[in-house]
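A.B. asks: Sequence and predicted structure below; questions after.
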Amino acid sequence: MTKKGFKIVVLAKQVPDTRNVGKDAMKADGTVNRAALPAIFNPEDLNALEQALSIKDRYAGTTITILTMGPGRAAEIIREGMYRGADDGVLLTDRKFAGSDTLATSYAISLAVKKLNPDIVIAGRQAIDGDTAQVGPQVAEKMNLPQITYAEEILAIDKGKAVIKRRLERGFEVVSCPMPLVITVNASAPECRSRNAKFVMKFKHAKTVTELQESTSDYMELQSRAYLRIPEWGVADINADDKDLGLSGSPTKVKKIENVVFQAKESKRLSAADADIESLMKELISNHTIG
Amino acid sequence: MANFFNDNNDLRFHLTHPLMKKIVALKEQGFGDKEKYDFAPIDFEDAIDSYDKVLEIVGDICGTVLAPNAEHVDAEGPEVINNHVKYHRGTQENHDALTRAGLYGMSLPRQYGGLNFPMVPYVMAAELVSRADAGFANIWGLQDCAETIHEFASEDLKSKYLPLANEGKTYAMDLTEPDAGSDLQAVMLKAHYDEKQGTWLLNGVKRFITNGDADVSLVLARSEEGTTDARGLSLFIYDKTHNAVKVRRIEHKLGIIGSPTCELVFTNAPAELVGDRKMGLIKYVMSLMNGARLGVGAQSVGISDAAYREAVKYANERAQFGKPIIQFPAVYELLTNMRVKLQASRSLLYETSRYVDIYKAYTHISNERKLEKEERDEMKEYQRLADVFTPLLKMFSSEYSNQITYDSLQIHGGAGFMKDFPIERLYRDARITTIYEGTSQLQVVAAIRGVTTGVYLNRIRFYEAQEIAPEYEYIRRQLVDMTADYEKAVATVQQVGDNDYVDFHARRLVEMAGNIIMTYLLLLDSQRDESYRESTDVFLKMAYAQNKERLAYIENFELKDVGFFKMV
C-alpha cells in the first residue's frame, strides 16, 4: 500500500422498481407511475457499493462517499449506503437539474466528483429505469479519466494502480489501470452485503437540511453530530453552467412513446408431454420471461 | 424479497407491549450511553425504533440467505476433517452474513461490542432465525454462553471473551457426558490445577455437544477430587486456540442436521475458571439452562410458524374434489387450531422474555449499585415468575411445534411424506425440541413448583384483575370457571398428601395452569389489538375442554390406581 486507504465515490441512483412491473406501472400519458413502483437503490449500484466496501475492508483508512442526484427523497439512497458501510454522502439536488438526460446528468455529476476529488469512482453499469449505461462512461470522459467497464471484481490496488476483473461475453479479462479512474460494475459481481445493525442505529437520523425542515419529530440534540447532516449541493455548489443542465442541457428528445398494454391476446393449449413442456420452456427463456 | 420480520404482525405487536417501557428504562439506565456510543438510543421511542430496524435486518437475512440455504444444509450437513468440524457451506454463509450485519452479541453491553438489546428483541431474532433454519438456530443461539460469562465471570474474562461474540466467534456449552444427560450431577470430566503451568487442565470426554468445536466453550467439569455430586463441579472456559480438544465424531441425527453434535476428547486442555469453584452446576449452569430453555421456546415457535405457513400455502394450492382443500372443514379446523397454538405459544414466549428481561436487568444493576428495597422486591418477584414461566414455555411451545408440524404434514398428505416439500424437514427438526435442554417431563418437574407454591395462581389472579372491554367479559367468566377447576384439581391431588401422587398428576396440573395463562395472554393481547379476539375464542374452546378432561381424570382417580401404571 502506497498510502493510507483510498477515497472512493460511489455513484448511486434511486430508481422505480421496474423488476416487478404490473399493469399500473405507466400512467395514461406514458410517464412512469412512481406511486405504483417503490423507489429502490438501483441494483447494479449496490454491486458497485459492495466493491467499494470490499476495498474498505482490505485497505484501512478508505472512505466511501455516496453521490446521488435526484429529488429530496433520494436522500434515502444515501442513508441506505451508510447502513451498509459508506461513510457519508452528498445529494445533488436542484430544480435546475430537472429533466436532465444522460449528458446533462453526467455534466453535473462530474463537477460534483471533481469537487470531492476521489481516487476511485465506482458506479453500477446502468440503471433499471433508463437502461442507458451512459452516465458512468460520460463522467469519465468529462473528467478525462480512464474508465473500466463491465467490472466484476476489484482484485487489488497496488502502486497507484487498480487491478480489475472484467466480465466479457465469452469469458473474463484482468486489466490494470492507474488511478484516479472510473469503474462501472456488472450485476454479475457479488451482491451487496446487508445492512449492519450498528450503522443503521448510527445513521438512521442522518438527514438533509430539507428533510429536517420538513420533519417535526426529530431530535434537536442530534443536530450537533456532524455525521448526521447529509449535504445538499445545488447548481451554485458545483459551479455549473445553467445552460448545460436540465432540459436546455439535454439534447435527447423523446420522439415517440409506445404504450405496452398487458393483455392476453391468444391462448395456447399444451399437453403434459415432454415435447410440449420443452417447447414452452424454450419459448419462455428466449423471450426472457424466465431465466 | 422475503423479509421474515415484515411479514409477521405478531412480532411488531409484541415489541410494543406496555411493559417494554419499563424494560427499556432498566436496560438503558437514563440513556447515558448516547454520549459514548453513536448507535445508542436517545430515548424510549428511539430504542424501540432501533429494535424494529435491526429486526428488519434479521428478517431480511433470514428470508434471503438462511431459508434458501436450509434444504441443502439439511441434505448434506457438516463434516469432521482432521478432528475439527467443518460447517456446511450454507451454514458458513449464514453465519458470515449475520456476523457482517453486526448481529451477534445482541444482548451484550455496548462496551463489549454488543448492541445492549433486551431479551424481547433478541428472542424475536432467535424466533426468526429458527423459522428460517432451526438447525442453524443453535449456532446463533449459543451466543447465550456470552450472557453467562457476562453474568458470572471476572472482568478479565469478560473483556477477553465477550467482544469475540460480535466479531463472529462461536460458542458452545459442554455439559453432557455419556453417563450424564438429564442428571448432570454425574459429570466426570476432570479439571485439575497444574501449579507448574499455572492453569486448570481438563481431561475427559463430552458427548452430544452442540457446536462442540466452537471458538469459546463453557465446560462443566469436576474440579473437586473425590466428590460425586453437584458440589464438586465448576464451570470453565476453554479457548479453541489451545488446540487441545479433538472432535472424535459428529452424530447422525433425525433433524437439525446443520447443527454439528460432537463427541469431544479433552487432553490436558487449558481452561479458565468462571466465577467460584463448586458453583458450576448449582448456580451457573442453572442460569445457562434457563437461557437455553428460552432459546428452545423461540426455536419451537419459529418452527411452528414455518410449518403453519407451509400448511396454509399447500391447503390453498391443493385442489381435490373440485376445490382447494382449505375449504373442507376437517382441513380448516386443523389450520385454525395450528394458528391459535402458534399465537398462544408466541404470547407465552414474549411474556416469559419480559419477565426474564426485568429480573436480569435488575441483576446487572445490582452489580453496579445497591438496589432500593422496592427494586429488590420487584427483582425477586420477576425472577420467581421467570423461574416458573420458563419451563412452562419450554414444554408448551415444544409440544405445540411437534403437534403443528405433525398437522402440517398431514395437510400435505402423501406429498408431505416425500422430500419435495420443506415440511418433512420441519417435522424432523421439531422432534428434538421436547427433548433437549430438559425433556418435557423434566420441565414438568420444574413447573410443578409454580403449581404447589401458588405462583401460577397468583399470576392468573393478576391477569383476571386487568381491565377488559365489556364485550370480552364472557371470556373472562369462562376463565374464572377454568381457574376454579384448576384450584379444585390441585386441591384434590394435594389432599392425598403423597408426593409421588403429586408427581403422577403433575403434568395434568401444569397443563391446566398453562391453558389458563395462555388464554389470558391472548385475551389481554386482544385488548390492544382486536385481531386477536378470534384466536382467543378458538383457544379458549380448546383450553376449556382440555381442562375439563384433566379435571375429570383427576377426580376419577385414587392413590391406589397409580399401581396400575407400574405393571410395565
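C.D. replies: Received the coordinates, thanks. Numbering: from 1, shown residues only, chains lettered A, B, ... in the order given.

A.B. asks: that's a helix at A:Gly89, yeah?
C.D. replies: No. Under DSSP: H, G, I helix; E, B strand; the rest coil, A:Gly89 falls outside any helix and is assigned strand.

A.B. asks: what's the closest non-adjacent residue to it?
C.D. replies: Beyond its immediate neighbours in the sequence, the residue positioned closest to A:Gly89 (Cβ to Cβ, 6 or more residues apart in numbering or on different chains) is A:Ile78, lying 3.2 Å away. No exception for glycine: its C-beta is placed from N, CA and C like everyone else's.

A.B. asks: per-residue pLDDT, that neighbour?
C.D. replies: We have a pLDDT of 97 for A:Ile78.

A.B. asks: which element is it on?
C.D. replies: Using DSSP states H and E, A:Ile78 sits in helix A:75-84.

A.B. asks: Centre of the chain to that helix, how far?
C.D. replies: 12 Å (Cα atoms, centre = their mean, to the nearest Å).

A.B. asks: residues contacting the closest residue to chain B within the stretch 101-250 of chain A?
C.D. replies: Using Cβ to the nearest Cβ, the closest approach of the stretch 101-250 of chain A to chain B is made by A:Met201 at 3.7 Å. By Cβ atoms under 8 Å, 6 or more residues apart in numbering or on different chains, A:Met201 lies in contact with B:39-41, B:50, B:53-54, B:115.

A.B. asks: Give me the nearest residue to whatever residue of the stretch 301-450 of chain B ends up closest to chain A, chain neighbours excluded.
C.D. replies: Going by Cβ to the nearest Cβ, chain A is nearest to B:Ala319 of the stretch 301-450 of chain B, at 16.6 Å. Nearest residue to B:Ala319, sequence neighbours excluded (Cβ to Cβ, 6+ apart): B:Ile325, at 7.1 Å.

A.B. asks: burial of that neighbour, as a residue count?
C.D. replies: Number of residues near B:Ile325 (other Cβ atoms under 10 Å in any protein chain shown) recorded here: 20.

A.B. asks: And stretch A:21-40, what's buried?
C.D. replies: Neighbour counts over stretch A:21-40 (16 or more other Cβ atoms under 10 Å in any protein chain shown) mark A:25-26, A:36-37, A:40 as buried.

A.B. asks: which one is B:Tyr350 nearest to, not counting chain neighbours?
C.D. replies: Closest to B:Tyr350 by Cβ to Cβ, 6+ apart is B:His14, at 4.2 Å.

A.B. asks: For the residue of chain B found nearest chain A, I want the exact helix or strand it lies within.
C.D. replies: Of all residues in chain B, B:Phe39 sits closest to chain A, at 3.7 Å by Cβ to the nearest Cβ. Secondary structure assigned from DSSP H and E places B:Phe39 in neither a helix nor a strand.

A.B. asks: residues touching it, list them.
C.D. replies: Residues near B:Phe39 by Cβ under 8 Å, 6+ apart: A:197-199, A:201-202, B:50, B:110, B:115.

A.B. asks: Next, count neighbours for the closest residue to A:Val175 other than its chain neighbours.
C.D. replies: Among residues not flanking A:Val175 along the chain, A:Ile164 sits closest, at 5.6 Å (Cβ to Cβ, 6+ apart). If you count neighbours by other Cβ under 10 Å, A:Ile164 ends up with 24.

A.B. asks: Give the burial count for the residue in the stretch 1-150 of chain A positioned nearest to chain B, as a bare number.
C.D. replies: Going by Cβ to the nearest Cβ, chain B is nearest to A:Tyr83 of the stretch 1-150 of chain A, at 8.5 Å. Using other Cβ under 10 Å, A:Tyr83 has 23 neighbouring residues.

A.B. asks: Could you check the pLDDT of it?
C.D. replies: Note on A:Tyr83: pLDDT of 98.

A.B. asks: For ChimeraX, write the select line for the buried members of the contacts of A:Met201.
C.D. replies: To isolate in ChimeraX the members of these that are buried, counting by 16+ other Cβ under 10 Å, one can use:
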select /B:39,40,41,50,53,54,115
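
A.B. asks: picking that back up, how close does the residue nearest to B:Ala319 get to B:Met542?
C.D. replies: 22 Å (Cβ to Cβ, to the nearest Å).

A.B. asks: And the strands in the chain?
C.D. replies: Just going to use chain A. All strands of chain A, identified by DSSP state E, fall at A:7-12, A:14-16, A:39-41, A:63-69, A:88-92, A:120-124, A:147-158, A:161-168, A:171-178, A:181-185, A:207-208, A:229-230, A:232-233.

A.B. asks: Actually, chain B is the one I wanted.
C.D. replies: Secondary structure of chain B (DSSP E): strands at B:79-81, B:84-86, B:171-174, B:190-194, B:199-210, B:216-222, B:233-239, B:245-250, B:261-273, B:319-320, B:323-324.

A.B. asks: Let me have the ones you listed in JSON lines, extended by mean neighbour count and mean pLDDT.
C.D. replies: Below are these laid out as JSON lines (neighbours: other Cβ atoms under 10 Å in any protein chain shown; pLDDT from 0 to 100):
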{"stretch": "strand B:79-81", "mean neighbour count": "13", "mean pLDDT": "97"}
{"stretch": "strand B:84-86", "mean neighbour count": "16", "mean pLDDT": "98"}
{"stretch": "strand B:171-174", "mean neighbour count": "26", "mean pLDDT": "96"}
{"stretch": "strand B:190-194", "mean neighbour count": "16", "mean pLDDT": "97"}
{"stretch": "strand B:199-210", "mean neighbour count": "20", "mean pLDDT": "97"}
{"stretch": "strand B:216-222", "mean neighbour count": "27", "mean pLDDT": "97"}
{"stretch": "strand B:233-239", "mean neighbour count": "24", "mean pLDDT": "98"}
{"stretch": "strand B:245-250", "mean neighbour count": "18", "mean pLDDT": "97"}
{"stretch": "strand B:261-273", "mean neighbour count": "21", "mean pLDDT": "97"}
{"stretch": "strand B:319-320", "mean neighbour count": "11", "mean pLDDT": "95"}
{"stretch": "strand B:323-324", "mean neighbour count": "12", "mean pLDDT": "96"}
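
A.B. asks: would you turn these into TSV with distance to A:Gly249?
C.D. replies: Putting these into TSV (distance: least, Cβ to Cβ, whole Å) gives the following:
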stretch	distance to A:Gly249
strand B:79-81	61
strand B:84-86	58
strand B:171-174	59
strand B:190-194	77
strand B:199-210	64
strand B:216-222	60
strand B:233-239	63
strand B:245-250	66
strand B:261-273	66
strand B:319-320	59
strand B:323-324	58
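
A.B. asks: Need phi/psi at the residue of chain B most remote from its centre.
C.D. replies: Within chain B, B:Gly322 marks the point farthest from the mean C-alpha position, 42.6 Å out by Cα atoms, centre = their mean. Main-chain dihedrals, B:Gly322, degrees, to the nearest 10: phi 80, psi 10.

A.B. asks: Extract the residue ranges of the chain that are flagged as low pLDDT.
C.D. replies: You didn't pick a chain, so chain A it is. Where chain A drops to pLDDT under 70, the residues are A:1-3, A:29-31, A:217-218, A:260-265, A:291.

A.B. asks: Switch to chain B, please.
C.D. replies: Using pLDDT under 70, the flagged stretches of chain B are B:1.

A.B. asks: Flag every residue of chain B that's near chain A.
C.D. replies: Selection of chain B residues close to chain A by Cβ under 8 Å from any Cβ of the partner chain yields B:38-42, B:46, B:49-50, B:53-54, B:57, B:60-61, B:64, B:97, B:100-103, B:106, B:115.

A.B. asks: Please report how far B:Leu235 lies from B:Thr390.
C.D. replies: Distance of B:Leu235 to B:Thr390, computed by Cβ to Cβ: 20 Å.

A.B. asks: so what's B:Gln443 up against?
C.D. replies: Going by Cβ under 8 Å, 6+ apart, the list of residues near B:Gln443 reads B:293, B:391-392, B:394-395.

A.B. asks: top of these by neighbour count?
C.D. replies: For the contacts of B:Gln443, the largest number of neighbours (other Cβ under 10 Å) sits with B:Lys394, at 32 neighbours.
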